[in-house]
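Colleague: here is my input; please provide its structure:
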Amino acid sequence: MTPDGPASENDDLNQPEEPTHSLEGEEKGPEPSSLERRSIDTRSFYIQSGAVLVATIPSLADVVACLGDWPVIGQSDASSDWTVRGEAVRVEFEPELRGFIEVDIMARPWPDDCGESSSDRRLFRAWGAGMLGPAVYPGALQRAMEQSWRWPDGRVVPAEHQAVLRLRLGYQPLATSAGEQLQRPTTDPVVELEALTRLAQRLLDLPGAICWFNPNGEAVLDQASLLQTTRFSDSRNIPPLDAWCNLRVFSLPDGRTMMDTVGHAQLGLPDLEAWFDGAKTPPADIDQFLRDVSVYLLEHGSVIDDDDLLDGPGPVRWRAELAVASQCGPRRSVLRLTPEVVTEAPSSTDFGRSE
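Modeller: Alright, predicted model coming up:
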């Protein structure tokens, strides 16, 4: 069997009609046990995803009109199962790898419980198969709104949405002319997420568009905040992590403050936690510290071990602890950082923080 060529504009999008994997009784999401890069859940047909929340349901023609010069390679009617696909358009991404981004219209609000409390088990099965995103947990939108620091109105405004444009990125199988399946080269999650973000910026021009929502990273940003985030990251030549992975703040029972990231699974990395005394160390400094560590891991890979001491904010070093259970949901494995007064000068990692 030879690889299929690009679909014509009227072709079906060649996606399985029903998810094939159920997570009944399982907790969704990968559990990284080290700092080694981990691929997103391979059970999913899609390996990256995002969404645009809208106040009114657009037509597919309106969606296509927003795509500009993105090459359209297919359109499709809605599936008989809304959890799988609404009316959809597919655009080209990394054509040499047969990549695509599919935008479909979910003509209802985001199903934030992922089917856990629904009598319709189709939604639960679809969530388990990655149809809502490859690393999505129940309650993602609620948590994103509760912790919307980059866009303060995001604590309220996203609740006004009535429909969702799902953006889902994937790759068609590669095969030889004899039908032999080929192993796909390793792909770059940063390139994938940047493409999703660029496409979302186009879709935010739609009338009634409210905001970008990354359910895997539990982040919401309106058009202005997303543009500010991408411009800032471009000026620093770093990925726009604020658009993909939220930074959250919590008060712990012992009086300390905890900040964490959520969504690093999209990048093949563990999420980070930092525990600290908020009266002594401003949370804004920890915000910058965690982003610095994130970028460092993206650039250098698995270089932090248990008990390593990292340079960071304050007159302390930050001790690393790998593969610990997260303090706050969603349940996942994290790299925890805690401050430690050091009298000697041990080997440490300097993240080049700007003062």
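
Colleague: spell out the residue ranges of the helices in the stretch 251-355 of the chain.
Modeller: Along the stretch 251-355 of the chain, the segments classed as helices by DSSP state H, counting those that start in this stretch run 283-300.

Colleague: state the distance from residue 306 to residue 340.
Modeller: Applying Cβ to Cβ, to the nearest Å, the value for residue 306 to residue 340 is 13 Å. Heads up, the C-betas are built off the backbone N, CA and C, glycines and all.

Colleague: sorry, wrong one. I was asking about residue 105.
Modeller: Distance, residue 105 to residue 340, by Cβ to Cβ: 51 Å.

Colleague: which one's more surrounded, the two?
Modeller: Comparing residue 105 with residue 340 by other Cβ atoms under 10 Å, the one with more neighbours is residue 105, at 23 against 11.

Colleague: contacts only, for the nearest residue to that one once chain neighbours are set aside.
Modeller: Among residues not flanking residue 105 along the chain, residue 86 sits closest, at 4.2 Å (Cβ to Cβ, 6 or more residues apart in numbering). Taking Cβ atoms under 8 Å, 6 or more residues apart in numbering, we find residue 86 in contact with 78, 79, 104, 105, 106, 107, 166.

Colleague: show me where the stretch 1-150 of the chain has helices.
Modeller: Counting by DSSP H, counting those that start in this stretch, the stretch 1-150 of the chain has helices at residues 60-66, 121-128, 140-146.

Colleague: centre of the chain to the longest one, how far?
Modeller: The chain centroid and the centroid of helix 121-128 are separated by 19 Å under Cα atoms, centre = their mean, to the nearest Å.

Colleague: list the buried ones in it?
Modeller: Neighbour-count burial for helix 121-128, counted by 16 or more other Cβ atoms under 10 Å, picks out 122, 123, 124, 125, 126, 127, 128.

Colleague: can you get me a residue count around the closest residue to the third one other than its chain neighbours?
Modeller: Closest residue in space to residue 124, ignoring its immediate chain neighbours: residue 115 at 3.2 Å, by Cβ to Cβ, 6+ apart. Here the neighbour count serves as a burial measure; for residue 115 (other Cβ under 10 Å) it reads 20.

Colleague: returning to that earlier point: out of the contacts of residue 86, which is most surrounded?
Modeller: residue 104 (26 neighbours).

Colleague: for residue 114, see how far away it is.
Modeller: Taking Cβ to Cβ, one finds residue 104 at 17 Å from residue 114.

Colleague: double-check residue 307 against residue 320; I have them as touching.
Modeller: Yes: if you go by Cβ atoms under 8 Å, residue 307 and residue 320 touch, sitting 6.8 Å apart.

Colleague: list the contacts of residue 221.
Modeller: Counting by Cβ under 8 Å, 6+ apart, residue 221 makes contact with 150, 151, 154, 211, 212, 229, 242, 243.

Colleague: and the gap between it and residue 243?
Modeller: Separation of residue 221 from residue 243 (Cβ to Cβ): 6 Å.

Colleague: likewise for residue 210?
Modeller: In terms of Cβ to Cβ, residue 210 sits 15 Å off from residue 243.

Colleague: between residue 221 and residue 243, which contacts overlap?
Modeller: 212, 229.

Colleague: quick one, what contacts residue 282?
Modeller: residue 313.

Colleague: oops, could you answer that again for residue 273 instead?
Modeller: By Cβ under 8 Å, 6+ apart, the residues touching residue 273 are 258, 259, 260, 324, 326, 327, 334, 335, 336, 337.

Colleague: counting neighbours, which of the residues you listed comes out on top?
Modeller: Within the contacts of residue 273, neighbour counts (other Cβ under 10 Å) peak at residue 337, which reaches 27 neighbours.

Colleague: any low-confidence regions in the stretch 1-150 of the chain?
Modeller: 1-44 (pLDDT under 70).

Colleague: let's see it at 80
Modeller: Counting by pLDDT under 80, the stretch 1-150 of the chain has low-confidence residues at 1-45, 118-120.

Colleague: what are the boundaries of the strands in it?
Modeller: Ranges of strands in the stretch 1-150 of the chain, per DSSP state E, counting those that start in this stretch, are 48-54, 72-76, 88-93, 99-106.

Colleague: quick one, strands of the stretch 201-350 of the chain?
Modeller: In the stretch 201-350 of the chain, the segments counted as strands under DSSP E, counting those that start in this stretch are 209-214, 219-221, 246-251, 257-262, 271-276, 309-311, 317-325, 333-340, 348-349.

Colleague: of all the ones you listed, which lies closest to residue 71?
Modeller: Smallest distance to residue 71 across the strands of the stretch 201-350 of the chain (Cβ to Cβ): 22.1 Å, for strand 209-214.

Colleague: in its sheet, what does that closest one sit against?
Modeller: Note on strand 209-214: by DSSP bridges, its sheet partners are strand 48-54 (antiparallel), strand 219-221 (antiparallel).
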